[in-house]
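Engineer: dropping the sequence and predicted coords here.
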Amino acid sequence: MELRTAILTEHSRAQSLQIAAWIGNNPQRVDALIQLLLHDEYRVVQRAAWIASFVAEKYPALILPHLPAMVARMEAEDIPVAVKRNVLRILQFLPVPAALHGAVMNTCFIFLEDPAEAVAVKVFSMTVLANLATTYPEIKNEIRLLITDQLEHNPSAGFRSRAKKVMAMIKA
């Protein structure tokens, strides 16, 4: 299978899952996927990010070496929302390496604060921050303040539901 061609063939969950299954636990195929995610045109990047989230669920150890580059890409100004959404989805479930805590925390706070940011990006940012709060309890108050402020301006049911769960996670 030629990865880039397969990615461009169709944009569907079934196709993404099929490609993720083909990638499996093959490190070279994961490397190729991450290269597309980080450096290709918008459509390929968007689809590769979704596939990477499926691969990360089954083979998180293969994604871990790529986290520094993925986090650095999230800090760029021209990042597609699909990359933010799917990298944050991955970060919810993986242990964030200590060297990336500061960058991830900063990026998540920026995404959560931004009124124009997509709801899914905010939702995943909340969870990543709540996970980091177990190591850095001093950020709990800032998370609470941001969530409370966002609840006043964000009517999304998904946001409200996740906010409730995150507030329970960071209680105390």
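Structural biologist: Structure's in. What do you need?

Engineer: phi, psi of the closest residue to Leu64 other than its chain neighbours?
Structural biologist: In this structure, Leu64 finds its nearest non-sequential neighbour in Leu94, 6.6 Å apart by CB to CB, 6 or more residues apart in numbering. The C-beta positions use only the backbone N, C-alpha and C, and glycine is treated the same way. Backbone torsions of Leu94, given as degrees, to the nearest 10, read phi -110, psi 150.

Engineer: tell me the pLDDT at Leu94?
Structural biologist: pLDDT recorded at Leu94 is 89.

Engineer: my guess is it contacts His66. True?
Structural biologist: No. Applying CB atoms under 8 Å, one finds Leu94 not in contact with His66, separated by 10.6 Å.

Engineer: so between those two, which is more surrounded?
Structural biologist: Between Leu94 and His66, His66 has the larger neighbour count (other CB atoms under 10 Å), namely 21 against 16.

Engineer: in this structure the more buried one contacts Val30, no?
Structural biologist: Yes. Assessed by CB under 8 Å, His66 is found in contact with Val30 at 7.4 Å.

Engineer: so what touches the biggest helix by length in the chain?
Structural biologist: The residue-count maximum for a helix in the chain (DSSP state H) belongs to helix 42-58. Helix 42-58 has contacts (CB atoms under 8 Å, 6 or more residues apart in numbering) with 4, 7-8, 11, 16-17, 19-20, 23-25, 30, 33-34, 36-38, 40, 62-63, 80, 82-83, 85-87, 89-90, 93-94.

Engineer: list the ones among these that fall in helices.
Structural biologist: Taking DSSP H as the definition of helices, these contribute 4, 7-8, 16-17, 19-20, 23, 30, 33-34, 36-38, 62-63, 82-83, 85-87, 89-90, 93.

Engineer: quick check: pLDDT value at Ala172.
Structural biologist: What the model reports for Ala172 is a pLDDT of 67.

Engineer: sorry, slip of the keys, the one I care about is Phe124.
Structural biologist: For Phe124, the model assigns a pLDDT of 96.

Engineer: give me the below-cutoff pLDDT ranges for the protein.
Structural biologist: Low-confidence segments of the chain, defined by pLDDT under 70: 172.

Engineer: change it to 80
Structural biologist: Where the chain drops to pLDDT under 80, the residues are 77, 154-155, 172.

Engineer: does Ala14 belong to a helix or a strand, and which?
Structural biologist: Assigned by DSSP states H and E, Ala14 belongs to helix 13-23.

Engineer: does anything pack onto that helix? Which helices or strands?
Structural biologist: Contact here means 3 or more CB pairs under 8 Å, 6 or more residues apart in numbering; DSSP states H and E; on that basis helix 13-23 packs against helix 3-9, helix 27-39, helix 42-58.

Engineer: thanks a lot, see you next time.
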